[in-house]
Each structure stands twice: as structure tokens, then as C-alpha cells.
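Asker: Turn this into a model:
(chains A and B)
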2 protein chains.
Amino acid sequence: MSRIDYPEEIRGLVGQLKRLPGVGPRSAERIALWLLRSRQTPAVDLAAALSEAVARVALCGHCGFFASVGTGCRICGDDGRDRRVICVVEQSTDILPLERTGVFQGQYHALHGKISPLDNVGPEDLRIGALMERLAGGEVEEVILATGSDVEGEATAHYLSELVGATHPEIAVTRLAQGLPAGGGLESADELTLMRAISGRRKV
Amino acid sequence: MSRIDYPEEIRGLVGQLKRLPGVGPRSAERIALWLLRSRQTPAVDLAAALSEAVARVALCGHCGFFASVGTGCRICGDDGRDRRVICVVEQSTDILPLERTGVFQGQYHALHGKISPLDNVGPEDLRIGALMERLAGGEVEEVILATGSDVEGEATAHYLSELVGATHPEIAVTRLAQGLPAGGGLESADELTLMRAISGRRKV
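Answerer: This next block holds a predicted model:
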């Protein structure tokens, strides 16, 4: 008697689902069987949504955010936004979390990476040329460096501040504040966060 | 300034992913963005796996397990299995968990449901006719009722035991044992489980 398993096509689907972030082997199997239950419409719907997203979603050549073939880039296409401020982020996916705070009304620029010598990512691999082109337009008055506070994010911010300072001394370069996260007590903050919170202290 | 969100196609994909069992809104967004990162190959691969599964996976008309257009039903096609015992389960997905125990070497029969008057599911909605046809072959000596131990599973088992007893008195009808789950202490077992564990007690 041979060992029974699901047909090859189900195992192939489970294999693809297992690769998704946060989906383990057991959930992948559960999802695959759910997708194929009864009339298989969930599987057909998901396949259609995937194909449509692949065919119609692209990255905006200007700011690097997700754009759709139909509507273009919602951020670059919005005339109501302040074109004098550009917020530079690492990834396209960093834009919406900032946008949801509701306090920033300028433009964005996604670098699509960060300087990381260990991964062979240098400044030439990032969308820095595109950023310099935008700055050359003369409209921008402030560049906010919103890269991460890890080593690579800091290195990228440092590189950009030097570059913008040298080429456009008239543009203000700022960095996101670092300190205690909201709702966190001092006992849960690490040493570096506390150091930065102290050195960045403000008058009340 | 209008509220910025992801393009419609990404939101559509997130909507489909949110429906999957165990995937919440935040994981759906994370998965969608992961699928569309860089060259979008994960999305293309997943869409292909889905389409292949939809096109090539069907339910075996005999036992009700998943079968593939290519290889047919792996269980019914296996000549090494004991055709004298049929294990009756509610769902196709109940078969592999039983199979993985390695102790059962007979055939299966998935009812594709259970008797549930509240959901308007009666015996005529289940694959009971197909089961009776298999029993009419005269080869079967035992029917194991492996429906769940909830009210509907018990009702389905009761109905089937009466039906098989009336039509094929020569066939032994058995039911999966009920009692304490492995590794569970008495303090974590509910009253009904304990009652069944006591009434089903065996000599050691």
C-alpha cells in the first residue's frame, strides 16, 4: 500500500501558499482545501485578482509608489499636495503608514532599498538619481529623510544628507525624530533608543 | 487633498486574501504586497497553481476524496487496500488525518456533509445513495462510522447505523471510540467527554 497524499496539484498549491509571509504548512493546507471546496469559486476569484493585480499594478516612475494602469499614481496626480516637501522612504510600502498618520501633505520618494554593503547594495542601486532629478527642478525646499533607524537606514540617511547638502545647500534636510515609541515605558526601551531619546529631548 | 490608498487592483487582491481562513486584514495586506514585490513572480506562480488546481482537481465519484485528472483517485486506485472495510467520514478533508495515523488500510467514503436540520441538510443531500451502492456489491464486511462527535455527527452516525442494519444486517457497523484525548488531563475534559470515557471504559 503506497502512502496516500493529496493530488499533486493540491500539493503544488499548498507549496505556493506556504511561501506567503505568516502562512505555515498547516495553514497553507487549510487555505488550499478551503479554496477548492465545493464549486471552487474562491480559487477562481483569487486567481483573477492576482492576474489583474500583476497586469495592472506598476510602480510610479516618479515617486515609486504603487500606481495603477487605470488611475495612475494617486499621490503624484494629486494637485492639492505640497510639492515643496519630499519625504524619502526606503520602500513603496513605507508610504501608506506615513500617509495614514494624516500629518504629512507633501510628496514622497521611495528609494526601493537602502545602502547595505553586506548585501552588495550601494547608492547606485537605489532611486537616488531620480531623486536628484526631482530636486533639480528647483521647487523643493525640504527633504525629510524617513529611512529606518537601523544601521542601513542611518547610513542611507547620512549619505543622502551629505549629497543633498553638497548639491543643493538651499534645501533643508531633516530626519524623522527618534525616541520612545508611543505607549512604551522606559523599562521596555533598549539602550540605543533611550540614548537617542535623551539626546533628542525637547523643551516642554 | 484626497485620501490616498493602494490602487484598486491591490485593494481587490487584499479583499480576496482577507477571505482566506486565518488571514486577517493586516496579514492580507502584507501578503498582497509581498506577492507584488519586485518582479511579481510570486503572484504569477500562485495564480498558476490556483488555476491548475481548479482545472485538474476533482472529487472521486466513488469515495469522494480529492482526485487528479492525471492520476485519478489514489485511494480507490490502490489495489493493496482492504476492500472489506469502509470508513465513512463527513468531509473529503477528514480522510488524510485518518490516513496519517497509518492504522487504517481499508477504503473511505466521504458523505460531503452531515445531517443538520437547522441548515436544511437531510440524508438525501449526502452521498448516502453512493454508499448504499458500494455496500450492494457484497464485498464489504464492516462500515466504520467516523463522523464527528458533535450533535450532527452523532445524528448522521445514528441514521447510517439504522439504515445499514436494516438493509445489510450481515455488515458490522462500528463507531470511532470516544473518550479522553491523548495527553489531556481529566481537569481539561468536559462533562460529556468524561461521561463517554466512563461508559466506553475498557478492561486493561
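
Asker: Pretty sure residue A:179 is one of the things residue A:186 touches, is it not?
Answerer: No. Contact criterion Cβ atoms under 8 Å: residue A:186 and residue A:179 do not qualify, at 11.2 Å. The way it works is simple: take the backbone N, C-alpha and C, and place the C-beta from them, glycine included.

Asker: When those two are compared, which one has more neighbours?
Answerer: Comparing residue A:186 with residue A:179 by other Cβ atoms under 10 Å in any protein chain shown, the one with more neighbours is residue A:179, at 17 against 9.

Asker: Residue A:103 versus the more buried one, what's the distance?
Answerer: According to Cβ to Cβ, to the nearest Å, residue A:179 and residue A:103 sit 16 Å apart.

Asker: One more: residue A:67?
Answerer: The value you get for residue A:67 to residue A:103, if Cβ to Cβ is used, is 23 Å.

Asker: Of these two, which one has the most company?
Answerer: Remark: of residue A:67 and residue A:103, residue A:67 carries more neighbours, 24 against 7, as counted by other Cβ under 10 Å.

Asker: Now do that one, the pLDDT please.
Answerer: Residue A:67 carries a pLDDT value of 89.

Asker: what helices or strands is the strand or helix carrying it leaning on?
Answerer: Using DSSP states H and E, the element containing residue A:67 is strand A:66-68. Strand A:66-68 sits against strand A:57-59, helix B:8-18, with contacts defined as 3 or more Cβ pairs under 8 Å, 6 or more residues apart in numbering or on different chains; DSSP states H and E.

Asker: I'd like the distance from that strand to the chain centre, please.
Answerer: From the chain centre to the centre of strand A:66-68 is a distance of 14 Å (Cα atoms, centre = their mean, to the nearest Å).

Asker: Check which helices and strands the worst-scoring helix or strand of chain A on mean pLDDT is in contact with.
Answerer: Of all helical and strand segments in chain A, the minimum by mean pLDDT, DSSP states H and E falls on helix A:191-199, at a mean of 79. Under the contact definition 3+ Cβ pairs under 8 Å, 6+ apart, helix A:191-199 sits against no other helix or strand.

Asker: Break down chain A into its strands, ranges please.
Answerer: In chain A, the strands defined using DSSP state E lie at A:57-59, A:66-68, A:85-89, A:107-110, A:142-145, A:172-175.

Asker: now what about the strand holding residue A:67, what contacts it?
Answerer: With Cβ atoms under 8 Å, 6 or more residues apart in numbering or on different chains as the test, strand A:66-68 has contacts from A:56-60, A:73-74, A:92, B:6-10, B:36.

Asker: all helices of chain A, in order?
Answerer: Applying DSSP state H to chain A gives helices spanning A:8-18, A:25-35, A:41-56, A:95-101, A:128-136, A:151-167, A:191-199.

Asker: Out of those, which gets nearest to residue B:153?
Answerer: Closest approach to residue B:153 among those is made by helix A:25-35 (18.8 Å; Cβ to Cβ).

Asker: pLDDT score for residue A:85?
Answerer: For residue A:85, the pLDDT comes out at 93.

Asker: correction: residue A:184
Answerer: For residue A:184, the model assigns a pLDDT of 68.

Asker: What of the one 3 residues further on?
Answerer: pLDDT, residue A:187: 77.

Asker: do the same with residue A:130
Answerer: You'll see residue A:130 listed with a pLDDT of 95.

Asker: Quick check: which of the helices and strands packed on strand A:66-68 is nearest to residue A:25?
Answerer: Residue A:25 lies closest to helix B:8-18 among the helices and strands packed on strand A:66-68, at 18.2 Å (Cβ to Cβ).

Asker: Give me the mean pLDDT for the closest one.
Answerer: Averaged across helix B:8-18, pLDDT comes to 90.

Asker: Check stretch A:135-147 too.
Answerer: Mean pLDDT, stretch A:135-147: 93.

Asker: contacting residues around it?
Answerer: Contacts of stretch A:135-147 (Cβ under 8 Å, 6+ apart): A:83-90, A:94, A:98, A:104, A:106, A:111, A:114, A:134, A:153-154, A:156-157, A:160-161, A:164, A:167-168, A:170-176.

Asker: now that stretch: how far from the chain's centre is it?
Answerer: Between the centre of stretch A:135-147 and the centre of its chain there are 19 Å (Cα atoms, centre = their mean).

Asker: what's the span of it, first residue to last?
Answerer: 18 Å (Cα to Cα, to the nearest Å).

Asker: Repeat that for stretch A:86-100.
Answerer: End-to-end distance of stretch A:86-100: 16 Å, with Cα to Cα as the criterion.

Asker: Please determine whether that stretch lies in contact with chain B.
Answerer: Yes. Stretch A:86-100 lies within reach of chain B by Cβ under 8 Å from any Cβ of the partner chain, at A:93, A:95, A:96, A:99.

Asker: between those, which is closest to residue B:197?
Answerer: So of those, ranked by how close each gets to residue B:197 (Cβ to Cβ), first place is residue A:93, at 51.9 Å.

Asker: For the closest one, give me its contacts.
Answerer: Residues counted as contacts of residue A:93 (Cβ under 8 Å, 6+ apart) are residue B:33.

Asker: Now with 10 Å, please.
Answerer: A:65, A:66, A:110, B:6, B:29, B:30, B:33, B:34, B:36, B:37 (Cβ atoms under 10 Å, 6 or more residues apart in numbering or on different chains).

Asker: Could I have the buried ones of those residues as ChimeraX selection syntax?
Answerer: To isolate the buried members of these in ChimeraX, using 16 or more other Cβ atoms under 10 Å in any protein chain shown:
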select /A:65,66,110 /B:6,29,30,33,36
